[in-house]
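Participant: Turn this into a structure:
(one chain, ligands or ions: 2)
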Amino acid sequence: MNIQWGELSAEIFLKEYWQKKPLFIKGAFANFEDPIDANELAGLAMEEHIESRIIAHNGEGNSKNSDQQKWQVDHGPFEDFSQYGECNWTLLVQAVNHWSTETNQLLKPFNFLPSWRIDDVMVSFSTPQGGVGPHLDQYDVFIIQGEGKRHWRVGLPNKALCEKVPHPDLKQVDDFSPEIDVITEQGDLLYIPPNHPHDGKSIENSVNFSIGFQAPNAQEMISAFADDIIDKNTGTLRISDAERSITANPENIELTDINAIKDFFFKQLDNNDQLTQFIGSYLTKSHHGLELLVPVTPITDQQLIDIIDENLNLIPVNGIKAAYIPTTCPQLVINGDYFALEQATLELAQVFAQKSPLTNKQLKSFSSCLKNRQLLTSILNKGYWYIE
Ligand code: SIN
Ligand code: CO
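Facilitator: Ligands and ions are numbered 1, 2, ... in the order given. Okay, the predicted model is just below:
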């Protein structure tokens, strides 16, 4: 499955649209088949460990005349959907790619972007008039239209747009004038950059697949890096001032002191090895539950050799995040865990970073080296790849 860019290409898209302008591509996926249907989605929404919501409205008024619209937000797990009736509601299930291999395959056409940037595939099922109302998201999103038709409108960022909270769990914005105003059909693709108002109202029962991206903000990253410094105990140095001269105004914090403390502060953060490892770990940590398959007892080297002799393959857990950091001291990070590499394990590490299954043929060729077998057993013992 590839994106049929028409007159565009991935290069043109990145230059002209990515994070800049919304885009609609009619028939971006020829003969698109939904990787999951509404019944299977409802099944996932019944699971305790899967994040899901139903957003419903009373059908009165519209986004231009929204005072009469009453909104309801319910959180899963759900036991029964019959109370919601035939129209005016939508079911949204987060990280469906962690539970459905076919849905996870939807990420492949977006591999012109680095995989660390991707968060998850959210899937929605909407009944006629169903939707979450006009709103902003802080992240980029590609929305693929699955079964059914939906009326999508996307506008441009506008600081004058008022925010509304029609329910404590629902943020919306006032109506906006759309740049894109389309009826989406199966296989169509919408790209919406951050902070662009958008609104999708279903015309009939319809399914949408949203490829969502992650972009951590400074306070999240700084706070996580502070935790990393505490965990590794690398921030214990104290400020010192052996060269101090006499103070004329003891009530002041002089600019020279401020500047010296700033220098000290930034020097503590400027630990290249720790920062690189932190970034890799931070960006590959999953934000949603994963079906990790940790063996009951850890797999030994001999057991691994036996597994490989039995012609078995290794499969990555759906939705697992992994990355290879090609510095002079290359690193492999999987789901926030860092794996030390050596020259002999670089090739295997790159296969893991691509989140590829390892065929028995590949396993046979990699496993002649003890270092590769050690990397394989440590990843299997974390439950990130499993034996099939
Ligand atoms: C959807 O309703 O499928 C997508 C919701 C959104 O716009 O974020
Ligand atoms: Co949105």
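Participant: Just confirm G148 contacts N205, I think it does.
Facilitator: Yes: taking contacts as C-beta atoms under 8 Å, G148 lies within contact range of N205: 5.2 Å. For every residue, glycine as well, the C-beta is placed using N, CA and C.
Participant: Between those two, which has more neighbouring residues?
Facilitator: G148 (21 against 16; other C-beta atoms under 10 Å).
Participant: What parts of the stretch 201-350 of the chain come near ligand 1?
Facilitator: Residues of the stretch 201-350 of the chain found near ligand 1 (C-beta under 6 Å from any ligand atom) are 208, 210.
Participant: Pick out the residue in the stretch 201-350 of the chain sitting closest to ligand 1.
Facilitator: Ligand 1 sits closest to N208 of the stretch 201-350 of the chain, with a gap of 3.6 Å, by C-beta to the nearest ligand atom.
Participant: and that residue, what are its bridge partners?
Facilitator: S124, Q145 (DSSP bridges).
Participant: where's A260, which helix or strand?
Facilitator: Using DSSP states H and E, the element containing A260 is helix 255-269.
Participant: Report the contact partners of the residue of the stretch 201-350 of the chain closest to ligand 1.
Facilitator: Applying C-beta atoms under 8 Å, 6 or more residues apart in numbering, one finds that N208 lies in contact with 123-124, 126, 143-146, 150, 200.
Participant: that older thread, tell me the residues that contact both of G148 and N205, please.
Facilitator: Common neighbours of G148 and N205 (C-beta under 8 Å, 6+ apart) are S126.
Participant: pLDDT value on the closest residue to ligand 1 within the stretch 1-150 of the chain, please?
Facilitator: In the stretch 1-150 of the chain, the residue that lies nearest ligand 1 is S124 (3.2 Å; C-beta to the nearest ligand atom). S124 carries a pLDDT value of 98.
Participant: Could you check how many residues crowd around the residue lying closest to N2 once chain neighbours are set aside?
Facilitator: Computed as C-beta to C-beta, 6 or more residues apart in numbering, the closest residue to N2 that is not its neighbour in sequence is P109, at 5.6 Å. Using other C-beta under 10 Å, the number of residues around P109 comes to 18.
Participant: cool, the one 10 residues further on as well?
Facilitator: Summarising burial for D119: neighbours were counted as other C-beta under 10 Å, giving 23.
Participant: in a strand, that's where it is, yeah?
Facilitator: Yes: if the criterion is DSSP: H, G, I helix; E, B strand; the rest coil, then D119 is within a strand.
Participant: Could you double-check that it lies in contact with G212?
Facilitator: Yes: under the criterion of C-beta under 8 Å, D119 makes contact with G212 at 4.5 Å.
Participant: and L92, what are its bridge partners?
Facilitator: Per DSSP bridges, the residues bridged to L92 are R53, S124.
Participant: hang on, isn't it packed against M122?
Facilitator: Yes: using C-beta under 8 Å, L92 is in contact with M122, at 6.2 Å.
Participant: quick one: pLDDT of the residue nearest to N2?
Facilitator: Predicted confidence (pLDDT) for P109: 97.
Participant: contacting residues for it?
Facilitator: Applying C-beta under 8 Å, 6+ apart, the residues contacting P109 are 1-3, 29.
Participant: what are the phi and psi angles of it?
Facilitator: phi -60, psi -10 (degrees, to the nearest 10).
Participant: tell me what the helix or strand just after the helix holding A260 is packed against?
Facilitator: Next helix or strand after helix 255-269 toward the C-terminus (DSSP H and E): helix 272-284. Counting contacts by 3 or more C-beta pairs under 8 Å, 6 or more residues apart in numbering; DSSP states H and E, helix 272-284 is packed against helix 218-232, strand 322-325, strand 331-334, strand 337-340.
Participant: can you rerun that using 6 Å?
Facilitator: helix 218-232, strand 322-325, strand 331-334 (3 or more C-beta pairs under 6 Å, 6 or more residues apart in numbering; DSSP states H and E).
Participant: Buried deepest among those, which one?
Facilitator: strand 331-334 (a mean of 24; mean count of other C-beta atoms under 10 Å).
Participant: ok, back up a step: pipe the contacts of P109 into a markdown table and attach pLDDT and distance to ligand 1 per row.
Facilitator: A markdown table is the format used below for the contacts of P109 (pLDDT from 0 to 100; distance: C-beta to the nearest ligand atom, whole Å):
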| residue | pLDDT | distance to ligand 1 |
| --- | --- | --- |
| M1 | 86 | 19 |
| N2 | 94 | 23 |
| I3 | 97 | 19 |
| F29 | 98 | 16 |
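Participant: between these, which has the most around it?
Facilitator: In terms of neighbours by other C-beta under 10 Å, the contacts of P109 top out with F29 at 20 neighbours.
Participant: now E11: how far from P194?
Facilitator: 21 Å (C-beta to C-beta, to the nearest Å).
Participant: Look at these two and report which has more neighbours.
Facilitator: Remark: of E11 and P194, P194 carries more neighbours, 14 against 10, as counted by other C-beta under 10 Å.
Participant: hang on, isn't that one packed against V141?
Facilitator: No: if you go by C-beta atoms under 6 Å, P194 and V141 don't touch, sitting 8.7 Å apart.
Participant: I'd say I387 and E310 touch.
Facilitator: No: counting by C-beta under 6 Å, I387 stays clear of E310, with 9.0 Å between them.
Participant: pLDDT weak spots in the stretch 51-200 of the chain?
Facilitator: Counting by pLDDT under 70, the stretch 51-200 of the chain shows low-confidence ranges at 61-68.
Participant: Phi first, then psi, for Q83.
Facilitator: The phi/psi pair for Q83 (degrees, to the nearest 10) reads phi -60, psi -20.
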